[in-house]
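Q: I'd like to go over a predicted model; first the sequence, then the structure.
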Number of protein chains: 2
Amino acid sequence: MARRADAQANRERVLDVAEDVFGHGGKSASTEEVARLAGVGIATVFRNFPTKAALLEAVLVRHFDRLTAEAEARLDAHEPAEAFFGFFRHLVADAAKKIALGEALSEAGGAADSRAADASQALRRAVGELLDRAQQAGAVRDDVELPEVYALLVGTSRAAAHVPLDDEVRARMLDIVFAGLAPTASPA
Amino acid sequence: MARRADAQANRERVLDVAEDVFGHGGKSASTEEVARLAGVGIATVFRNFPTKAALLEAVLVRHFDRLTAEAEARLDAHEPAEAFFGFFRHLVADAAKKIALGEALSEAGGAADSRAADASQALRRAVGELLDRAQQAGAVRDDVELPEVYALLVGTSRAAAHVPLDDEVRARMLDIVFAGLAPTASPA
DNA sequence: GTATATTCGGAGTCACCACTCCGGATAATA
DNA sequence: TATTATCCGGAGTGGTGACTCCGAATATAC
């Protein structure tokens, strides 16, 4: 019932800054830097997020949730092919700016118990939905399944995040993958 | 001129163990663990490799060199298509067991000055050669170039290294990429 | 304006890890 | 076997980074 306003604002600022810091330096970036850039003391960070892992998790959950929402929005707003390929491009471009996301995308699959794993699962389901629709629309080969598509999504994301890849090369890389997913590609 | 034999043996054992340790835990694995598993004192590790970075570099150079040799060998032993696609598969399967390799593949591009960067460049050139031959043989689209192919190689490697991907899914993932590289894929 | 419960900052603690030092051990030589 | 130059192990050092503690500060309630 006391100073709710500024405390809440601080929490959100920390989250925003953390997304940025971990986005640039990966998860090995230090908590102190987050505090410094957020203009608060270290204690404030730890008061809101009891652990560095908790902070990282909060960042990831928010990021995953946003991506899931984006996937669902595209499902409604676009035709199936555009929704699927457009989201693929969107996610990879996003990952290019957020190292931690790529790391998390792959590792969240392993970590069984956490909100981040849940959020990651939700995203995966959303991608599955996108894929289904694209296949029903005949824009993607029928014989591909989610695991390999998701692996490709993760892989291209990580490539984009770690290699200094200009936009053009990234686009060409994705075009190759998309050609491989297209139904007209070399009949088995 | 004195104890050459055991010192040399120790150095090699350390290198072997380091490849394993960094392969499993990535580059953040500790030097002490390398020493412990190699059955030597920490000092012995540092006597042979003055720095953790130097040890890591030695591991990577050796690994890159092996892969480059493998690429060149396949160029001689197989027809162009089999050489290219076979090596692609080989590298990704290798990376699945060596986390550090995937990390290094992507980062060695950035680090300008080091033997690891040189070795990485040599590997890249070998892949370029493989690609050229495959294109000349008509097994790969003419309009793709090395940067995007290499990015795909790095990305699929990282996906294989971090996601618990069974062999089958990995193969299906690669089949999609290969279909995208094939000349019969959707004409632009 | 005063009281008070909440939040703040940053110095302090602790664990970990890269790296060094040095007295002891040992392979090669004679 | 005795000698010795080389190599060895592991305790010690310094620095970094996650996390805690507590006195100061401040927003709200009266």
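A: Received, thanks. From a predicted model like this one, the values you see are computed outputs, not experimental measurements.

Q: who touches stretch A:91-101?
A: The contact list for stretch A:91-101, computed with Cβ atoms under 8 Å, 6 or more residues apart in numbering or on different chains, reads A:19, A:22-27, A:56, A:59-60, A:63, A:67, A:102, A:105, A:153, A:156-158, A:160-162, A:165, A:170, A:174. From N, CA and C alone the C-beta is placed, and that goes for glycine too.

Q: Those, buried ones only, as a PyMOL selection?
A: The buried subset of the contacts of stretch A:91-101, as determined by 16 or more other Cβ atoms under 10 Å in any protein chain shown, is captured in PyMOL by this line:
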select buried, chain A and resi 19+22+23+26+27+56+59+60+63+67+102+105+153+156+157+158+160+161+162+165+170+174
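
Q: and the longest helix for chain A?
A: Using DSSP state H to assign secondary structure, the helix with the most residues in chain A is helix A:52-77.

Q: near DNA strand D, anything from it?
A: Yes. Helix A:52-77 is in contact with DNA strand D by Cβ under 7 Å from any atom of the strand, via A:Lys52, A:Ala53.

Q: Tell me the helices and strands packed up against that helix.
A: Under the contact definition 3 or more Cβ pairs under 8 Å, 6 or more residues apart in numbering or on different chains; DSSP states H and E, helix A:52-77 sits against helix A:4-25, helix A:31-38, helix A:80-97, helix A:99-107, helix A:115-136.

Q: Could you pull out the buried residues of that helix?
A: Along helix A:52-77, the positions that meet the burial threshold by neighbour count (16+ other Cβ under 10 Å) are A:52, A:55-61, A:63-64, A:67-68, A:70-72, A:74-75.

Q: again with stretch A:26-44
A: For stretch A:26-44, a neighbour-count test (16+ other Cβ under 10 Å) marks A:Gly26, A:Lys27, A:Ala29, A:Thr31, A:Val34, A:Ala35, A:Ala38, A:Val40, A:Thr44 as buried.

Q: Does the helix or strand of chain A with the lowest mean pLDDT reach DNA strand D?
A: Between all helices and strands in chain A, the lowest mean by mean pLDDT, DSSP states H and E belongs to helix A:99-107, at a mean of 73. No. Helix A:99-107 lies apart from DNA strand D when judged by Cβ under 7 Å from any atom of the strand; the minimum separation is 12.6 Å.

Q: And that helix, how far out from the chain middle?
A: The chain centre lies 7 Å from the centre of helix A:99-107; the measure is Cα atoms, centre = their mean, to the nearest Å.

Q: Many thanks, have a good one.
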